[in-house]
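> Could you look at this predicted model? Sequence included:
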Amino acid sequence: MTSLGDDWQGQITLRTTDDEGLTAIDTAEIIINNIAPSAEAGANQEVFAGDVVQFNASFTDPGWLDTHTIKWDMGDETILTDYQLNPSYVYYNQGTYLVTLTVTDDDGGVGIDTLEITVKPIPAAVNCDPDALNLKSKGKWITCYIELPSGYDVRQIDGSKISLNGIPAYLGKEGWAKAEANESNIIDSDKDQILERMVKFDRQSIQEILQAGEANLIIAGKLFYNQGWADFEGIDKIKITKLIKLKPKLAT
């Protein structure tokens, strides 16, 4: 008899013989329909940019004799079709990704499940100078120091990809004003034995987008980590004033 572990259509025959040798025969038409597999993509995950995401998926199929193909849509225009049920993957850009697992059996039955991967930027500690900013001041630079958590290297920061509230970092002829790390922009400004990446921004350009009050200076950028350019971000809160210095009155 054909195994019930797969879809099948055919005729079966029942033969019964008693102890006196008399035999009765009957037949029946049997149709066993395919049942699609049921996919389980796994739990939602929250990671930092550049982390290795390990998927933990599974599927079940009543047709245990079926063969299956596995497809992953990673939510970032990448499709994995190498039939791995539990692949690993790296996201370098912050955001929320809807990942879709599709399991297809050899009879065309399809099981689909999804999960979300939330990717956060690598958290940076940022300290900007000056700590308070007068919008009427004529200073040339806002200088920021970027410190990364243990396991990351500030030397891998790309200065050409750094911005402060959307304003690109200054890159120029000065030695420290380079995209790559060098001895003049990798320093330990706060003497805590943890190196920082120093970067400067044109002060007038930053002042044009700020208003009086408290302001968040958001430093965002990319560093080369785990074979790709991963997002990082840090925030420094400073006080913004708009004071006008009054000229002293001349004595009469």
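Right, received. Where do you want to start?
> how near is the closest residue to residue 168 other than its chain neighbours to residue 51?
Distances taken as C-beta to C-beta, 6 or more residues apart in numbering place residue 162 nearest to residue 168, at 7.3 Å, with adjacent residues excluded. (C-beta placed from N, C-alpha, C; glycine too.) The gap separating residue 162 from residue 51 is 21 Å, by C-beta to C-beta, to the nearest Å.
> Also residue 196?
For residue 196 relative to residue 51 (C-beta to C-beta), the value is 23 Å.
> thinking again about what came up before, the more surrounded of residue 162 and residue 51?
residue 162 (24 against 20; other C-beta atoms under 10 Å).
> Pretty sure that one sits against residue 231.
No: taking C-beta atoms under 8 Å as the definition, residue 162 is not a contact partner of residue 231, at 11.4 Å.
> those helices in the stretch 151-252 of the chain, which residues are they?
203-207 (DSSP state H, counting those that start in this stretch).
> ok, which stretches of it are strands?
163-164, 167-168, 186-187, 196-202, 213-225, 228-241 (DSSP state E, counting those that start in this stretch).
> Counting by contacts, list what the longest one packs against.
When you say that, I think you mean strand 228-241. If you count contacts as 3 or more C-beta pairs under 8 Å, 6 or more residues apart in numbering; DSSP states H and E, strand 228-241 packs onto strand 122-123, strand 125-129, strand 132-134, strand 141-147, strand 213-225.
> For the last one, buried residues please.
For strand 213-225, the neighbour count (16 or more other C-beta atoms under 10 Å) marks 215, 217, 219-223, 225 as buried.
> Now for residue 162 and residue 231: what residues contact both?
Each of 220-221 lies in contact with both residue 162 and residue 231 under the rule C-beta atoms under 8 Å, 6 or more residues apart in numbering.
> what about the nearest residue to residue 45 once chain neighbours are set aside, which helix or strand?
In space, and not counting its chain neighbours, residue 45 is closest to residue 117: 5.3 Å by C-beta to C-beta, 6+ apart. For residue 117, the enclosing helix or strand under DSSP states H and E is strand 110-120.
> Show residues contacting that strand.
Under C-beta under 8 Å, 6+ apart, the answer for strand 110-120 is 36-49, 53, 57, 59, 61, 75, 91, 93-104, 231.
> any idea of the mean pLDDT in it?
For strand 110-120, the mean pLDDT works out to 97.
> ok, the residue nearest the centre of the chain to residue 91 distance?
The chain has residue 119 as the residue nearest its centroid, 3.2 Å off, counting by C-alpha atoms, centre = their mean. Using C-beta to C-beta, residue 119 is found at 5 Å from residue 91.
> list residues touching both of these two?
47, 49, 97.
> So which residues make contact with the host helix or strand of the last one?
In this structure, residue 97 sits in strand 95-105 according to DSSP H and E. Residues from elsewhere that reach strand 95-105 (C-beta under 8 Å, 6+ apart): 34, 36-37, 39-41, 55, 57, 59, 61, 63, 66-76, 91, 110-119.
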